[in-house]
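[1] Build the 3D model from these lines:
(one chain, ligands or ions: 1)
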Amino acid sequence: MYDPLLKNQIDTNQDYPNSYWANNSGAAPASDGELEGDIESDVVIIGGGYTGLSCALHLAKEHGVKPLLLEANQTAWGCSGRNAGFILKSTGRKPWGTMVKDWGEEVMRGIYAEACAGVDTVNALIEQGIDCESQTPGYIRIAHKPSMFNALQKQADLLQRMFGYDVDVITRQQLQQDYVGDENAHGAIRFHDGYGINPLKLAWGYQQLAMKAGAKIHTHSPVIEWQQQQSKELLITPKARITADKVVLATNGYTPKGFHQAINNKTLPVLSQIIVTRALTEAELEQCNFLTSNVVMDTRALKYYYRKLPDNRILFGGRGAITGKGAENPYYADRLLSVLKQNFPDLSDLTYDYAWAGWICMALDDIPHINSAEDRSNVFYAAGYCGNGVSFSVQAGKRLAQMVAGETLPNLPLYQTQLKPFPMPALRRLGQWGYFHYGKFKDNYL
Ligand SMILES: Cc1cc2nc3c(=O)[nH]c(=O)nc-3n(C[C@H](O)[C@H](O)[C@H](O)COP(=O)(O)OP(=O)(O)OC[C@H]3O[C@@H](n4cnc5c(N)ncnc54)[C@H](O)[C@@H]3O)c2cc1C
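    This is a model prediction of the structure:
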């Protein structure tokens, strides 16, 4: 599998991974195809995931700019077409309490408002007619051990105090009776407003809206060379040379090694792995009282998450291999199946039909950054959603469009600070390996 830490060119002409989504979403909508020729453009966006598509859509619709979007493979070939489809209020993985300590309450509230705006924007776009199989609202956060139930109760108090946000506190018994018979759950809290969607259909819907608004979406058009000219940027693809006034970098965890100084050595792509099981029979669903279609995540440092899909399969996810080379090793998918079976011992003969992985994008300070490049004010980027980008990447794309159009963004670390370089970047994978071991120890013993 393509490994962005090792390769300085992205793989091209790749099919979608053999995922549940790619096999169950029908045909992809037509794009504007591969770009050819010598072209001049006001704005070029590199990367055709949610960030790039949202930026294209908002530039065309709200700022009168008709951008060119260049995607190396097919729309949403990266994370956006292969995620778990959890729509949650999030901006990276820095806890609200830590934000208050580091930046004060006003900033934390500003960031919370951006997280809410992300979900509102996604909802508003879906309402324009995107059929992405939205499921019943609800996000259940499960305590993976008794002490974490206390922590979740404290979180519920904090959410109520800070945001007037009511979440349900659910005992183990209530959870097993009313939602799902997860044997490893020690209570939970339930948010009323997260939900699950088909992520690939969502991206295709954004593509159609962006094209309708006047953006050009060129798939199979990888940027293989990037030269800075005096005040312009020259981008070279296999069949085109594009001179652009402004460039938006929306390549996130799939950015090839050394691609641009705005991002080089400032992110850590980490593999997240998903399996989708065969459909459960009615008897199996009854045995484990799997009533809910809410999205579910646990409290581990190395989180597991799951949801029941509309056709009664279970999507189950967690961390994957460390390198692209290891990604295809069935060990990682088998490990997820065995954790699933520990949660649901009655499903001991369950098998999976689909397994795939994708590169989420970690930032050193656990928040995404949306900004212009430090030394190149006509280059803009958004990256570092830390595995929580389905809703916030759309907000980031909208904010990028405003920035490109010359508007000032809110005074928040998300928009006013740069991605930070990783110390000793050549050792990022070693650090990740160490964190995985620490996380495993913490989840089991602390
Ligand atoms: C397994 C998995 C599960 C996840 N589950 C969730 C979830 O449930 N909820 C949630 O909030 N988040 C989740 N995420 C994270 C979420 O999917 C991402 O944060 C989000 O999709 C990022 O979108 P993006 O547009 O920034 O990047 P991407 O969708 O990764 O798009 C980047 C694109 O850039 C293209 N590209 C790279 N280099 C070039 C180049 N040189 N030329 C042209 N194109 C290029 C790539 O081909 C790629 O398509 C998950 C991620 C994974 C991998």
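
[2] Please enumerate residues in contact with stretch 212-220?
    12-13, 31-35, 48, 53, 56-57, 59-61, 66-75, 207, 210-211 (CB atoms under 8 Å, 6 or more residues apart in numbering). For the C-beta atoms, the positions are set from N, CA and C on the backbone; glycine is no exception.

[3] Next, the buried residues of that stretch.
    Residues of stretch 212-220 classed as buried by neighbour count (16 or more other CB atoms under 10 Å): 215-220.

[4] got the end-to-end distance for that stretch?
    Counting by CA to CA, to the nearest Å, you get 20 Å between the two ends of stretch 212-220.

[5] Does that stretch reach the ligand?
    No - using CB under 6 Å from any ligand atom, stretch 212-220 stays clear of the ligand, coming no nearer than 9.1 Å.

[6] so how far is that stretch off the chain centroid?
    On the basis of CA atoms, centre = their mean, to the nearest Å, stretch 212-220 is displaced by 22 Å from the centre of the chain it belongs to.

[7] what do you get for stretch 399-408?
    With CA atoms, centre = their mean, you get 22 Å for stretch 399-408.

[8] Grab the CA positions of it and hand them over as PDB.
    Extracted in PDB, the C-alpha atoms of stretch 399-408 (Å, rounded to 0.1, in the frame of the first residue of the first chain):
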ATOM      1  CA  ARG A 399     -12.800  28.300   5.900                       C
ATOM      2  CA  LEU A 400     -10.000  27.700   3.300                       C
ATOM      3  CA  ALA A 401     -12.300  29.200   0.600                       C
ATOM      4  CA  GLN A 402     -12.800  32.300   2.800                       C
ATOM      5  CA  MET A 403      -9.000  32.600   3.300                       C
ATOM      6  CA  VAL A 404      -8.400  32.200  -0.400                       C
ATOM      7  CA  ALA A 405     -11.000  35.000  -1.100                       C
ATOM      8  CA  GLY A 406      -9.000  37.300   1.300                       C
ATOM      9  CA  GLU A 407     -11.300  37.100   4.300                       C
ATOM     10  CA  THR A 408      -9.900  37.100   7.800                       C
END
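
[9] residues from the stretch 1-150 of the chain in reach of the ligand?
    10, 46-52, 70-73, 76-80, 82-86, 88.

[10] same thing but 5 Å
    10, 46-47, 49-51, 70-73, 77-80, 83-84, 86 (CB under 5 Å from any ligand atom).

[11] what packs against the helix-or-strand element of the chain with minimal mean pLDDT?
    Within the chain, no helix or strand scores below helix 428-445, which has a mean of 89 by mean pLDDT, DSSP states H and E. In terms of contacts (3 or more CB pairs under 8 Å, 6 or more residues apart in numbering; DSSP states H and E), helix 428-445 is packed against strand 267-277.

[12] which is the next helix or strand following the strand it packs on?
    Heading C-terminal from strand 267-277, the first helix or strand you meet, by DSSP states H and E, is helix 282-287.

[13] who touches that following helix?
    Contacts of helix 282-287 (CB under 8 Å, 6+ apart): 181, 290-291, 312, 346-347, 350.

[14] Quickly run through the sheet partners of the helix or strand just after it, with directions.
    Downstream of helix 282-287, the first helix or strand assigned by DSSP H and E is strand 295-298. Strand 295-298 has these partner strands in its sheet, going by DSSP bridges: strand 139-142 (parallel), strand 305-308 (antiparallel).

[15] hang on, Gly439 packs against Thr299?
    No - between Gly439 and Thr299 no contact is recorded; they are 11.9 Å apart, counting by CB atoms under 8 Å.

[16] quick one on the thing from earlier: please render the contacts of helix 282-287 as JSON lines that adds distance to the ligand to the earlier fields.
    Shown next, in JSON lines, are these (distance: CB to the nearest ligand atom, whole Å):
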{"residue": "Gly181", "distance to the ligand": "23"}
{"residue": "Phe290", "distance to the ligand": "19"}
{"residue": "Leu291", "distance to the ligand": "21"}
{"residue": "Asn312", "distance to the ligand": "19"}
{"residue": "Asp346", "distance to the ligand": "26"}
{"residue": "Leu347", "distance to the ligand": "22"}
{"residue": "Leu350", "distance to the ligand": "20"}
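
[17] Of those residues, which is the most crowded?
    The most crowded member of these, judged by other CB atoms under 10 Å, is Phe290 (21 neighbours).

[18] Let me see the contact set for that residue.
    180-181, 280, 284, 308, 314, 344.

[19] Neighbour-wise, give me the winner out of these.
    Among these, Ile314 has the most neighbours (other CB under 10 Å), with 26 neighbours.

[20] partner residues bridging the nearest residue to that residue once chain neighbours are set aside?
    Of all residues not flanking Ile314 in the chain, Thr277 sits nearest, at 4.7 Å (CB to CB, 6 or more residues apart in numbering). For Thr277, the beta-bridge partners are Tyr352 (DSSP bridges).

[21] And Ile140, by the same measure?
    Beta bridges link Ile140 to Arg190, Val296, judged by DSSP bridges.

[22] for the helix or strand encompassing Ala115, what is the average pLDDT?
    Taking DSSP H and E as the definition, Ala115 sits inside helix 105-127. The average pLDDT within helix 105-127 is 97.

[23] buried sites along it?
    Quick answer for helix 105-127 (16+ other CB under 10 Å): 107-112, 114-119, 121-122, 125-126.

[24] From those residues, pick the one nearest Lys398.
    Thr121 (6.1 Å; CB to CB).

[25] Can you tell me, leaving aside adjacent residues, what's nearest to that closest one?
    Val394 (5.1 Å).

[26] now the angle between strand 267-277 and the helix or strand harbouring Phe316, please.
    Using DSSP H and E, Phe316 sits within strand 314-319. Counting by axes from the mean of the first three to the mean of the last three CA atoms, to 10 degrees, strand 314-319 lies at 150 degrees to strand 267-277.

[27] Just the mean pLDDT for strand 314-319, thanks.
    For strand 314-319, mean pLDDT rounds to 97.

[28] Pairing partners for that strand, with directions?
    When pairing is defined by DSSP bridges, strand 314-319 lines up against strand 267-277 (antiparallel), strand 305-308 (antiparallel).

[29] Which one, of those, ends up nearest to the ligand?
    strand 267-277 (3.7 Å; CB to the nearest ligand atom).

[30] which strands and helices sit next to the helix or strand harbouring Ala151?
    Element membership of Ala151, judged by DSSP H and E, is helix 146-163. On a contact count with 3+ CB pairs under 8 Å, 6+ apart, helix 146-163 meets helix 96-103, helix 105-127, strand 168-170, strand 188-191.

[31] again, 7 Å this time
    strand 188-191 (3 or more CB pairs under 7 Å, 6 or more residues apart in numbering; DSSP states H and E).

[32] Tell me, how many residues neighbour the closest residue to the ligand within the stretch 251-400 of the chain?
    In the stretch 251-400 of the chain, the residue that lies nearest the ligand is Gly389 (2.1 Å; CB to the nearest ligand atom). Using other CB under 10 Å, Gly389 has 29 neighbouring residues.
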